[in-house]
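**Q** here are the coordinates; sequence isn't available:
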């Protein structure tokens, strides 16, 4: 296991991406946050295609559901039906609170579903909680 | 107007001539004509005002008006009605003037046969419609350009003459419609003129098919406008520029907003730098205060110890002085230890980073037994105070970690710089990043507040801090950009 916790954030909202980065920086864990802005880029990153040829395999994926080009739901399906990629935990962080989306996400083997908080402090708390639980407490598979 | 039947109004004082026209049009079919006749301009104008007239036949020699005056009145009151002027054999020149003044066509009465008359009326209607279309599209373009703050200009490199449209005159504040390049040159800001005209003529002489520039242009009201100017260059088969058509966009408000944004960004940067400087100042103050108070503690300790030298001191007094001295020594040591980290290295300002690091490494070696080698070029110049302080603290923090966690007998510090950045590498030969720094579940590295603060600081200075571990120990690399911020830092020092 390397030194740095690699995270892949799939998020088209620059503000949320920035906020996630800042919240992670405030922690003491040595994390590296890679941000891609749509589903097609996310798959290219995970498969190390094109400009992502040297991309680090993430330990954890933070996935928004509503994305341009390729939808987050499709990205989740693709990750979880790929024998290699399906081992990477996917944390769905989305502003959708539709029962249908929650159902669908767990059905597609999302590792957890977190509604994106509107409130700034709650947002930061959620990122910290993700960092604490998924990177410090949980034992992840070695790639 | 229906395509089958065209309404014609004749304004003609000569009854015979009017009859002639009526007769000539009577036989026409597809289209057919309905003809109304009046013999005075005033009656004709009243009839036009009622509407429904498709085309007007106008005699220029009416009793209640003088020639072209009649035409001007009609064009003012019924601008959409096409006009064919009727003239006598002697005043054909007059008729040509009428066409120039806006009539669609003219007919010499003596030559007016049914065929010619029909053709002329239809032609007048078609032409008027085309003119209307053109006028409308020009109007649309003008409105669009006004709305977009755009203006159009055209320049002919062969004749040296240029034109601009009315919107252009508005944008530039009532400029003339025709100018030579030198005239435009006068309106361009002194600092922009040579660059703008130079690049335009260079583009014309070269192969370019487009040109663009940004510059300040003087408006008639004495204000400067920021202009974004883009042009297309047309060339003949030999590649010679024959025509240049450009569009000027007034970007003054955009530019102002951009400047304001830049200024507020700079303010923000200054503010955060001020904050860091305030932190530094605070550290220095704490260092001084600490020094003052520990100096007093040490003075008290000295006094106690010298009392112990007195030969006739009672044993209980001696015991008390000794116990006090021990307490004072403990207090001193505790006070120094707790705030060592906060101490601003006093050497740094005076002797610079390499010498301060050397001195610190020596002290570190005495305390810990760890050999520290420092590699730095002999002519390593001074950096900005902020950069030096940041690098010094990173070394402090890094060496402390080497001591606490690595088990390495030695450490090496390499300091190098080029024009763009300064890089510091701190390596050891220990066990790599130790378990104590790792999260229990996955072994991700978790740092103390110290290193995280250093990383934050490095990022605030536009740099980066990287930590790597391999079989042969751990390596901390920090790179900070030099250049402009470096200069600013120097100013802060003074």
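**A** Thanks, I have it. These figures come from a predicted structure and were not determined experimentally.

**Q** confirm that residue A:32 sits in a strand.
**A** Yes. Counting by DSSP: H, G, I helix; E, B strand; the rest coil, residue A:32 falls inside a strand.

**Q** distance check, the residue lying closest to it once chain neighbours are set aside against residue A:27.
**A** Excluding the flanking residues, the one nearest residue A:32 by CB to CB, 6 or more residues apart in numbering or on different chains is residue A:4, at 4.8 Å. Using the backbone N, CA and C atoms, a C-beta is placed for each residue, glycine as well. Per CB to CB, to the nearest Å, residue A:4 is found 13 Å from residue A:27.

**Q** also residue B:46?
**A** Taken as CB to CB, the span from residue B:46 to residue A:27 is 88 Å.

**Q** repeat for residue B:459
**A** Taken as CB to CB, the span from residue B:459 to residue A:27 is 15 Å.

**Q** what about the two, which has more around it?
**A** residue A:27 (17 against 13; other CB atoms under 10 Å in any protein chain shown).

**Q** show the pLDDT at the residue nearest to the more buried one when sequence neighbours are not counted.
**A** Among residues not flanking residue A:27 along the chain, residue A:131 sits closest, at 5.2 Å (CB to CB, 6+ apart). Residue A:131 is assigned a pLDDT of 89 by the prediction.

**Q** need the contact list for residue A:52.
**A** A:44-45 (CB atoms under 8 Å, 6 or more residues apart in numbering or on different chains).

**Q** ok, it to residue A:14 distance?
**A** Distance from residue A:52 to residue A:14, by CB to CB: 19 Å.

**Q** moving C-terminal of the helix or strand harbouring residue B:118, what's the next helix or strand?
**A** Element membership of residue B:118 [criterion: DSSP states H and E] is helix B:114-147. Where DSSP H and E defines the elements, the next helix or strand beyond helix B:114-147 is strand B:150-155.

**Q** paired strands for that next one, with orientation please.
**A** Sheet pairing of strand B:150-155 (DSSP bridges) gives strand B:162-164 (antiparallel), strand B:241-250 (antiparallel).

**Q** in a markdown table, list the ones you listed along with distance to residue B:21, mean neighbour count and mean pLDDT.
**A** What follows is the strands paired with strand B:150-155, written out as a markdown table (distance: least, CB to CB, whole Å; neighbours: other CB atoms under 10 Å in any protein chain shown; pLDDT from 0 to 100):
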| stretch | distance to residue B:21 | mean neighbour count | mean pLDDT |
| --- | --- | --- | --- |
| strand B:162-164 | 42 | 19 | 63 |
| strand B:241-250 | 45 | 18 | 83 |
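
**Q** in CSV: these, plus distance to residue B:303.
**A** Below are the strands paired with strand B:150-155 laid out as CSV (distance: least, CB to CB, whole Å):
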stretch, distance to residue B:303
strand B:162-164, 92
strand B:241-250, 81
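
**Q** which one of those lies closest to residue B:188?
**A** strand B:241-250 (11.6 Å; CB to CB).

**Q** return the distance of that closest one from the chain's centre.
**A** 22 Å (CA atoms, centre = their mean, to the nearest Å).

**Q** ok, which residues in chain A are in contact with chain B?
**A** Contacts of chain A with chain B, taken as CB under 8 Å from any CB of the partner chain, map to A:1, A:3-5, A:25, A:28-31, A:59, A:135-140.

**Q** which one of the residues you listed has the most neighbours?
**A** In these, the most neighbours by other CB under 10 Å go to residue A:5, 27 neighbours.

**Q** quick one: residues contacting that one.
**A** Neighbour list for residue A:5: A:29-32, A:59-60, A:135, B:442, B:444 [criterion: CB under 8 Å, 6+ apart].

**Q** residue B:479 sits in which helix or strand?
**A** strand B:473-481.

**Q** quick revisit: among the residues of chain A next to chain B, which two are most distant?
**A** Farthest pair in the residues of chain A next to chain B, by CB to CB: A:25 and A:139, 24.5 Å.

**Q** and the residue nearest to the spatial centre of chain A, how far is that from residue A:98?
**A** With distances taken as CA atoms, centre = their mean, the residue of chain A nearest its centroid is residue A:62 (1.1 Å). Residue A:62 is 19 Å from residue A:98, where distance means CB to CB.

**Q** cool, and residue B:238?
**A** For residue B:238, the distance to residue A:98 - CB to CB - is 67 Å.

**Q** who has more neighbours out of these two?
**A** Set residue B:238 next to residue A:98 and count neighbours by other CB under 10 Å: residue A:98 wins out with 10 against 6.

**Q** from residue A:64, how far off is the more buried one?
**A** In terms of CB to CB, residue A:98 sits 14 Å off from residue A:64.

**Q** so which elements touch the lowest-mean-pLDDT helix or strand in chain A?
**A** Least confident helix or strand of chain A, by mean pLDDT, DSSP states H and E, is helix A:14-26 with a mean of 81. On a contact count with 3 or more CB pairs under 8 Å, 6 or more residues apart in numbering or on different chains; DSSP states H and E, helix A:14-26 meets strand A:5-10, strand A:31-36, helix A:120-130.

**Q** now with 10 Å, please.
**A** Under the contact criterion of 3 or more CB pairs under 10 Å, 6 or more residues apart in numbering or on different chains; DSSP states H and E, helix A:14-26 touches strand A:5-10, strand A:31-36, strand A:60-63, helix A:120-130, helix B:449-460.

**Q** quick one: list the elements packing against the shortest one.
**A** Counting contacts by 3+ CB pairs under 10 Å, 6+ apart, strand A:60-63 is packed against strand A:5-10, helix A:14-26, strand A:31-36, helix A:39-46, helix A:72-80, strand A:90-94, helix A:120-130.

**Q** show me what it pairs with in its sheet, parallel or antiparallel.
**A** strand A:5-10 (parallel), strand A:90-94 (parallel).

**Q** need the contact partners of the next helix or strand after the shortest one.
**A** Downstream of strand A:90-94, the next assigned helix or strand under DSSP H and E is helix A:99-107. Applying CB atoms under 10 Å, 6 or more residues apart in numbering or on different chains, the set of residues contacting helix A:99-107 from outside is A:63, A:65-66, A:72-73, A:76-77, A:80, A:90, A:92, A:94, A:96, A:98, A:110-113, A:115.

**Q** any idea how far helix A:99-107 is from the chain center?
**A** With CA atoms, centre = their mean, you get 16 Å for helix A:99-107.

**Q** the closest residue to residue B:224 other than its chain neighbours - how many residues pack around it?
**A** Nearest residue to residue B:224, sequence neighbours excluded (CB to CB, 6+ apart): residue B:216, at 4.6 Å. Neighbourhood size, residue B:216 [other CB under 10 Å]: 20.

**Q** next one: residue B:388
**A** Counted with other CB under 10 Å, residue B:388 comes out at 23.

**Q** so it belongs to a helix, correct?
**A** Yes. The assignment for residue B:388 by three-state DSSP puts it in a helix.

**Q** how much space separates it from chain A?
**A** 24 Å (CB to the nearest CB, to the nearest Å).

**Q** and that residue, how far is that from residue B:348?
**A** Residue B:388 is 6 Å from residue B:348, by CB to CB.

**Q** who touches both of these two?
**A** B:356-357.

**Q** mind jotting down where the strands sit in the stretch 301-450 of chain B?
**A** Using DSSP state E, counting those that start in this stretch, the strands of the stretch 301-450 of chain B run over B:371-376, B:410-417, B:421-428.

**Q** for the residue of chain B positioned farthest from its centre, give me phi and psi.
**A** The outermost residue of chain B, judged against the average C-alpha position, is residue B:312 (85.9 Å), by CA atoms, centre = their mean. The phi and psi values for residue B:312, taken as degrees, to the nearest 10, are phi -90, psi 20.

**Q** quick check, pLDDT for it.
**A** On pLDDT, residue B:312 comes in at 83.

**Q** could you measure from it over to residue B:319?
**A** Residue B:312 is 15 Å from residue B:319, by CB to CB.

**Q** got it, and residue B:308?
**A** In terms of CB to CB, residue B:308 sits 10 Å off from residue B:319.

**Q** how close does the residue nearest to residue B:308 when sequence neighbours are not counted sit to residue A:45?
**A** Closest residue in space to residue B:308, ignoring its immediate chain neighbours: residue B:321 at 5.5 Å, by CB to CB, 6+ apart. Distance, residue B:321 to residue A:45, by CB to CB: 72 Å.
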